[in-house]
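Task: produce atomic coordinates for the following.
(chains A and B)
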Amino acid sequence: MKNNKSNLSRRDFFKNGAIIVGGIAVASAITTFDSVLFALEPPKGKGKWYGIGIDINKCIGCGKCANACKLENNVPKEPFYFRSWVEQYTIKNDGTIKVESPNGGIDGFQQSIPDEEIFKSFFVPKMCNHCAKSPCTQVCPVGATFETPEGIVLVDPNYCIGCRYCVQACPYGCRYVHPDTGTVDKCTLCIHRLKKGLQPACFEICPTEARIFGDLNDLESKINYFLKNHTCMVIKPHLNTGSKLFYNALSSEVR
Amino acid sequence: MEPHLQNLYEVLSKVDGYVYPNEIELNWSILIVLYPYITGLVAGAFILASLERIFKLHILKPTYGLALLTAFSFMLVATMPLISHLGKPLRAYEIMITPHSSSAMAIFGFVYLWYLMVVLLLEIWFDYRCDMIIWANETKGFKRFLYRALSLWTTDISPKAVALDNKIGYIITVIGVPSAFLLHGYVGFIFGSIKANPWWSTVLMPVIFLFSAMVSGIALVMFIYIILNKIRKISVDMACLDTIAKYLFYILIIDFTLEGLDQIHRIYEAEESFEVLHMLVFGRLFFTLFIMQGLFGTVIPLITLAILQFYKPKVQIRKIIYFIIATLILIGIFFMRWNVVIGGQLFSKSFYGYTSFKIGLIGAEGYLMAAVWIIVPFLILTFLLWLLPPWKKKEDEIQVI
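Below you'll find the model as predicted:
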């Protein structure tokens, strides 16, 4: 009788064990499957959901945004580290394209091509697209980079291991490794200013109001007004990154 | 000025066209070239060992133990270039403790551990358990203690126990082959899944990595086998070497075909990135891609191996040819990894220009550091060959029931 009892409990032990192990295995398998489906549907915040608009027609290439960003966020001064920069596109009469961004545009621009050869020229301010399906957060091996509920992509410098996989995964070249910390750094949309009710530094300083940002969930917001009244486009739409940086008057040459 | 920044200013002066300002710095350097290279050598060497065990190719017996120990030596070092390249190496363990499930790199940690601990370590242990017990009885002092400890103080060398060892070893090898495929396929996936980079982003990447891994691993065992026998002053088993060369030839054909297919597909589709990649291949990558990887690493070995299938010169000459081919392939596959890793970062994701690659001799990411991570596995292998010499195995003498 005693033996039977112990046999039973052993059987129970195996049974319960199998259920637990099997359950964990199934749960893990489902989670993995979920992870594979990363860019299927953009996570959309219920509260504030920030989007950015840049009007290329209004940008005069003063580079103040790039400079303000460096000053506000302690970005290294060297011309290899930028959270925000400005590119000058010049399309020549023969169709060739020249792109320049000396020191990220901080010192302004000088047109290197004679006027008579220029078909058109314009400035494109660049910054993190704060993608809703950001490939950079997808690849981070430790989850040090993440999207906030407001749709801002951030890096936790206390957690980042500095593997640089996210730098490789960002199609827009918006990330760099900070030479002092060895961890990845990028645009935070000046979240420290947002929390105080201020605008991000690059938006605040723009003399022509070429930069607009706001809550995409609020139909009355500035950004939605901008999107409604302009023909806007994101950069590299085919990559399906869920970019939330919308440009007005974006030429097809811009990449 | 800091040498790192000085280096970047120099690179800045060599930028061709336009690159995003953050792209001037090459993020993955020579250490990340070594990482897929070393992992590939592991997977390839293991697959060669498994040919003997699973597919019963007993002609490969002389290289079985050597291939296993080679795989193990390189596996121990495989993650070191990765870890030493991290901005925060002391946080490396976070990958294992808090893995991010959607990251290919995070899952690699587990694939690696599975392969190292479950497959390689167990297979070697079961393969050597009986011999270690015998050797413990034959030796004295510390070495005796070492063998005792390594065999976990087991003493049973009865035919029944040996038969069980063999059986378990066989099962582990059966699990090991798909694991080796997984290991190196996964390394390919780390690159192939980056949609931002058109040079990497191809569905063929894991398969190409896998077959090039097999090519390099087999070439490595061939290389070590010839050198080892030279050192031990014994003649090589030519039948074994010929068979290895035959398999090397077959797999090299598959590898060449896959890489060719990838390039033809790229050229025929000629997507948005085609122009920038075309100029990359004929510009900054010309030497490493066409000369080192293509000509020396693939075409010459392929033609030579093809000829050797029909025409067999004298043993001594054949041995030298095999040695040269193995060396060429090892160099060629290194440059294949180079072309993938470095090549993928030389052009801008804006497709408007190119940056340069410059590394120094010293420093955490210099040539010397890279050389260390190539030499260390050979030192480990030397130690393992001293401790567990495959040619002194006596297990076969015990009659297996």
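
number of nearby residues for residue B:137?
A count of nearby residues for residue B:137, using other C-beta atoms under 10 Å in any protein chain shown, gives 12. The C-beta positions use only the backbone N, C-alpha and C, and glycine is treated the same way.

check contacts around it.
Counting by C-beta atoms under 8 Å, 6 or more residues apart in numbering or on different chains, residue B:137 makes contact with nothing.

Could I get the average pLDDT for the helix or strand harbouring it?
Per DSSP states H and E, residue B:137 falls inside helix B:122-138. Mean pLDDT, helix B:122-138: 93.

Surely residue A:171 touches residue B:196?
Yes: between residue A:171 and residue B:196 a contact is recorded at 3.6 Å, counting by C-beta atoms under 8 Å.

Spit out the residues that contact those two alike.
In contact with both residue A:171 and residue B:196: A:135, A:239, B:349, using C-beta under 8 Å, 6+ apart.

ok, so what distance separates residue B:46 from chain A?
25 Å (C-beta to the nearest C-beta, to the nearest Å).

for that residue, helix, strand, or coil?
Counting by DSSP: H, G, I helix; E, B strand; the rest coil, the backbone at residue B:46 sits in helix.

residue contacts, it?
B:67, B:68, B:71, B:119, B:120, B:176, B:177, B:180, B:217.

Tell me the one of the shared contacts of residue A:171 and residue B:196 nearest residue B:172?
residue A:135 (37.3 Å; C-beta to C-beta).

since we're on the residue nearest to that closest one when sequence neighbours are not counted, how many residues are nearby?
The spatially closest residue to residue A:135, leaving aside those adjacent along the chain, is residue A:169, at 4.4 Å (C-beta to C-beta, 6 or more residues apart in numbering or on different chains). By the measure other C-beta under 10 Å, the count of residues near residue A:169 is 23.

Residue A:169 against residue A:141, yeah?
No: using C-beta under 8 Å as the test, residue A:169 is too far from residue A:141 to be in contact (11.3 Å).

show me the contacts for the residue in chain A positioned nearest to chain B.
In chain A, no residue comes nearer to chain B than residue A:162, which is 2.0 Å away by C-beta to the nearest C-beta. Residue A:162 sits next to A:177, A:182, A:183, A:184, B:86, B:87, B:88, B:91 when contact means C-beta under 8 Å, 6+ apart.

Now render the residues you listed as JSON lines, adding secondary structure.
Shown next, in JSON lines, are these (three-state DSSP):
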{"residue": "A:177", "secondary structure": "strand"}
{"residue": "A:182", "secondary structure": "coil"}
{"residue": "A:183", "secondary structure": "coil"}
{"residue": "A:184", "secondary structure": "strand"}
{"residue": "B:86", "secondary structure": "coil"}
{"residue": "B:87", "secondary structure": "coil"}
{"residue": "B:88", "secondary structure": "coil"}
{"residue": "B:91", "secondary structure": "helix"}
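
For these, give me CSV that also has pLDDT, neighbour count and distance to residue B:339.
Shown next, in CSV, are those (pLDDT from 0 to 100; neighbours: other C-beta atoms under 10 Å in any protein chain shown; distance: C-beta to C-beta, whole Å):
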residue, pLDDT, neighbour count, distance to residue B:339
A:177, 96, 22, 23
A:182, 94, 16, 27
A:183, 96, 21, 29
A:184, 97, 27, 26
B:86, 92, 20, 24
B:87, 92, 17, 25
B:88, 94, 18, 29
B:91, 94, 21, 30
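
Pick the one among these closest to residue B:18.
residue A:177 (21.2 Å).

Which ones among the contacts of residue B:46 lie within helices?
With helices taken from DSSP state H, the overlap with the contacts of residue B:46 comprises B:67, B:68, B:71, B:176, B:177, B:180, B:217.

Buried ones in the helix holding residue B:137, by neighbour count?
Using 16 or more other C-beta atoms under 10 Å in any protein chain shown as the test for burial, helix B:122-138 gives B:122-136.

what's the answer for stretch B:106-116, then?
Of all the residues in stretch B:106-116, those buried under the rule 16+ other C-beta under 10 Å are B:106, B:107, B:108, B:109, B:111, B:112, B:115, B:116.

Just the local confidence number for the residue nearest to the fifth one when sequence neighbours are not counted, please.
Closest residue to residue B:111 in three dimensions, ignoring its sequence neighbours and counting by C-beta to C-beta, 6+ apart: residue B:186, at 5.2 Å. On the pLDDT scale, residue B:186 is placed at 87.

How far away from the center of its chain is whichever strand or helix holds residue B:186?
Residue B:186 is located in helix B:159-192, with elements delineated by DSSP H and E. Relative to its parent chain, helix B:159-192 has a centroid offset of 16 Å by C-alpha atoms, centre = their mean, to the nearest Å.

about what we covered before: please give me every residue in contact with the residue nearest to residue A:135.
Here residue A:169 is in contact with A:135, A:136, A:138, A:139, B:194, B:196 (criterion: C-beta under 8 Å, 6+ apart).

Now, of the residues you listed, which are buried?
Taking 16+ other C-beta under 10 Å as the criterion, what is buried in these is A:135, A:136, A:138, A:139, B:194, B:196.

What's the separation between the nearest residue to the second one once chain neighbours are set aside and residue A:152?
Excluding the flanking residues, the one nearest residue A:136 by C-beta to C-beta, 6+ apart is residue A:166, at 3.9 Å. With the distance defined as C-beta to C-beta, to the nearest Å, residue A:166 ends up 15 Å from residue A:152.

okay, those two: which has more neighbours?
residue A:166 (27 against 21).

part of a helix, is that one?
Yes: secondary structure of residue A:166 (three-state DSSP): part of a helix.

Now do the SS call for the residue of the stretch 151-300 of chain B found nearest chain A.
Closest to chain A within the stretch 151-300 of chain B is residue B:196: 3.6 Å, counting by C-beta to the nearest C-beta. Following three-state DSSP, the label given to residue B:196 is coil.

quick one: the closest residue to residue A:161 other than its chain neighbours and residue A:183, what's the gap?
Nearest residue to residue A:161 in three dimensions, chain neighbours excluded: residue B:91, at 4.3 Å (C-beta to C-beta, 6+ apart). Noted for residue B:91: a distance of 9 Å to residue A:183, by C-beta to C-beta.

Mutual contacts of the two, please.
Listed as contacting both residue B:91 and residue A:183 by C-beta under 8 Å, 6+ apart are A:160, A:161, A:162.

phi, psi of the second one?
Torsion angles at residue A:161 (phi, psi; degrees, to the nearest 10) stand at phi -100, psi 0.

That one touches residue B:95, doesn't it?
Yes: in terms of C-beta under 8 Å, residue A:161 counts as a neighbour of residue B:95; the distance is 7.1 Å.

residue ranges of the helices in chain A, please?
A:2-36, A:64-73, A:135-139, A:165-169, A:191-194, A:201-205, A:222-229.

Most proximal residue of chain B with respect to chain A?
Counting by C-beta to the nearest C-beta, chain B gets nearest chain A through residue B:87, at 2.0 Å.

Need the pLDDT of the closest residue in space to that residue that isn't next to it in sequence.
Using C-beta to C-beta, 6+ apart and skipping the chain neighbours, the partner closest in space to residue B:87 is residue A:162 (2.0 Å). For residue A:162, the pLDDT comes out at 96.

repeat for residue B:170
The predicted local confidence for residue B:170 is 92.
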